[in-house]
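# Let's see this in three dimensions:
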Amino acid sequence: MRNQKGFILPSIMVIALFCLLIVAHISTILISEKTFYEETKQYYILENLMNVAVKKSLHELENGNNVNQHNKVFHTSNGYYSYNVTTSDEVIYEVQLTCSTKETKEYTASYKYDKSKNEMIFWSEY
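Below you'll find the model as predicted:
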């Protein structure tokens, strides 16, 4: 037993280093999953806000409310959405939508609405 010449210390160091690498790898995976879940949550919140904004603006256009050069901002528990209605002629309305969450993620889109047909004729996201 006296001629072991230090075999235990290097082997323990290698095992400890291997365990630290496993812990670092697992923590990196957990951090990336958490980031992915948060981004996905923000995406669905923005998608929901955009759907609400489109429905609200279409409802207002279909009812024939006075919409010339009119900008409205609506606050919700998850963020806010706003839309700006302009007219290019008497029949076509151009609506610009902006949605933003509390974490300052933004989503903007625009569409054109034909009043004579009562339908959306153009959709653009940017």
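
# only C-alpha atoms for contact and neighbour calcs from this point on.
Will do.

# and the nearest residue in space to Val85 that is not next to it in sequence, bridged to which residues?
With Cα to Cα, 6 or more residues apart in numbering as the criterion, Val85 has its nearest non-adjacent residue at 4.5 Å, and that residue is Val95. Under the criterion DSSP bridges, Val95 forms beta bridges with Val85, Tyr111.

# Double-check Val95 against Ser82; I have them as touching.
No. With contact defined as Cα atoms under 8 Å, Val95 does not count as touching Ser82 (10.1 Å).

# Low-confidence stretches in the protein?
Residues of the chain meeting the criterion pLDDT under 70: 1-4, 65-70.

# in the protein, which spans are helices?
8-63 (DSSP state H).

# Let me see the contact set for the residue nearest to Val85.
57, 83-86, 110-113 (Cα atoms under 8 Å, 6 or more residues apart in numbering).

# what do you get if the cut-off is 10 Å, keeping everything else the same?
Applying Cα atoms under 10 Å, 6 or more residues apart in numbering, one finds that Val95 lies in contact with 54, 57-58, 61, 67, 69-71, 83-87, 109-113, 123.
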